[in-house]
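>>> Everything below, folded, please.
(4 chains)
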Number of protein chains: 2
Amino acid sequence: MAITNATSPKRVATGNPAHELDAPPWLRVESTLMATADAIRAAYDERLAPLGLTLSLASLLSYIGEFGPINQTRAAEHLDQGRAVTGTQVDRLQALGLVERQPDPDDRRVWMLAITELGATLAASIVDVDQVLRAELRAGISRSERQALAGLLVRLQKNLHRSMSAPSSSPQQTSPQQTSPQQTSPQQTSQGATT
Amino acid sequence: MAITNATSPKRVATGNPAHELDAPPWLRVESTLMATADAIRAAYDERLAPLGLTLSLASLLSYIGEFGPINQTRAAEHLDQGRAVTGTQVDRLQALGLVERQPDPDDRRVWMLAITELGATLAASIVDVDQVLRAELRAGISRSERQALAGLLVRLQKNLHRSMSAPSSSPQQTSPQQTSPQQTSPQQTSQGATT
DNA sequence: CCATGATTGTATGGAATCATACAATCAGAG
DNA sequence: CTCTGATTGTATGATTCCATACAATCATGG
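Next up, the predicted model:
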């Protein structure tokens, strides 16, 4: 577990420095956050296993199902992954008969990804799994609390984004995000996919 | 990560829609959480790179440095990793001259891991990096907010823990805990990341 | 029409981690 | 002491992902 993170109960034991309690050598909230994220991912993977999917695959499938046929690059961007991995995942979904690769009449380089009927059925199951798990997850946590949590997370991300180095030459500097509140951000509709 | 959520950080490069930073909080908290965790890890890896370390290695090194000589199994448990991976990481730290493997006079199977002087020096740098990054991360976020965040995360983990580890046949649990529903939950998977 | 640059999907190698299997060793029961 | 069962560290294979390189293809300027 975390080095000294709060979450980990048993410290004390090996009798050691006291600055331990409030000055965990390492991360604190940050490590708890990462640990929680890992746990969530694991939980999703566990629940989705019966469907023969992992969180990644389920996410991709759901995305394809929700937003009509799209090309791999866009799907990759949306899932925040590389195109290569996405291509591999599509291979698998295709092998399972869950999605189809349709040629794009306007661009011979691209494959338009479309969900199949079987895929749609499975996607529905995914939504179920997602709702159930999310409900369990949120037990005892009010909506306002969740919103506060999300707000904090977003602020954390902004701070992070600000201190990360620019990825490449890309002219766009850390995106001056003042992005006004109302964005068009497509996706995120209701969906239920996995979180 | 999440199926349809937005929030994904590290987009940047290929200049594309900025729907990321303004991450609508009313979205899936879960995915925002996972995205944030990924971003944090990436930020640490980036800052630690100049030291020739990754967050995992830095965490292990710091742990060894803080808690006297310990064996690999205990270190692995603490970092919530497998013994195998930990062994490999120790190999690397040892190759870099940051830690030593000392034989345990009482048990010929184990190696006691101890930090070297060089390792201690580096560990100090790690602490610096950590403090700087954490400060940036927390900019604009009050202590009470962080505490609230941590509290929520812990509750999330508890909920997760409650619904995880099902009836899987293999009874092998990590250590003797008799899974009493009670709290006490020993090392719940917490942690993950490192540190 | 042709040349240069960008984009799409894929192949490849590398990194990190897990789960499993294993030899060496320890701990206890008899 | 001896046998059986744990435990430690390591080896191995499988997964998943990234980053890079590449061929095919588009887009644009002359």
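>>> chain center to the lengthiest strand in chain A: distance?
Determined from DSSP state E, the single longest strand within chain A is strand A:107-115. Distance of strand A:107-115 from its chain centroid, counting by C-alpha atoms, centre = their mean, to the nearest Å, is 24 Å.
>>> can you tell if that strand touches DNA strand D?
Yes - residues of strand A:107-115 contacting DNA strand D under C-beta under 7 Å from any atom of the strand: A:107, A:108, A:109. From N, CA and C alone the C-beta is placed, and that goes for glycine too.
>>> Next, count neighbours for the second one.
If you count neighbours by other C-beta atoms under 10 Å in any protein chain shown, residue A:108 ends up with 7.
>>> Can you give me the pLDDT of it?
In this model, residue A:108 is scored at 94, pLDDT.
>>> Give me the distance between it and DNA strand C.
Per C-beta to the nearest atom of the strand, to the nearest Å, residue A:108 is found 10 Å from DNA strand C.
>>> still on that earlier bit, if we go by neighbour counts, what in the longest strand of chain A is buried?
A:110, A:111, A:112, A:113, A:115 (16 or more other C-beta atoms under 10 Å in any protein chain shown).
>>> Let's have those in TSV, adding distance to residue A:45.
Output for these, formatted as TSV (distance: C-beta to C-beta, whole Å):
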residue	distance to residue A:45
A:110	30
A:111	27
A:112	28
A:113	22
A:115	21
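>>> with the residues you listed in mind, which one is nearest to DNA strand D?
Set against DNA strand D, the nearest of the buried residues of strand A:107-115 by C-beta to the nearest atom of the strand is residue A:110 (8.3 Å).
>>> For residue A:105, what are phi and psi?
Residue A:105 has phi and psi values of phi -60, psi -20 when expressed as degrees, to the nearest 10.
>>> Would you map the strands across chain A?
Using DSSP E, strands in chain A cover A:70-71, A:99-104, A:107-115.
>>> CA-only coordinates of stretch A:43-54 in CSV, if you can.
Output of stretch A:43-54 as CSV, limited to C-alpha atoms (Å, rounded to 0.1, in the frame of the first residue of the first chain):
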residue,chain,number,x,y,z
ALA,A,43,-13.9,-3.5,-9.6
TYR,A,44,-15.1,-2.7,-13.1
ASP,A,45,-12.8,-5.4,-14.5
GLU,A,46,-14.2,-7.9,-12.1
ARG,A,47,-17.8,-7.1,-12.9
LEU,A,48,-17.2,-7.0,-16.6
ALA,A,49,-15.3,-10.2,-16.7
PRO,A,50,-18.4,-12.3,-17.0
LEU,A,51,-19.2,-10.5,-20.1
GLY,A,52,-15.7,-11.3,-21.4
LEU,A,53,-14.7,-7.7,-21.4
THR,A,54,-12.3,-5.4,-19.5
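>>> now it, how far from the centre of its chain.
15 Å.
>>> same question, stretch A:71-84
13 Å.
>>> in that stretch, what counts as buried?
A:71, A:72, A:74, A:75, A:76, A:77, A:78, A:79, A:80, A:81.
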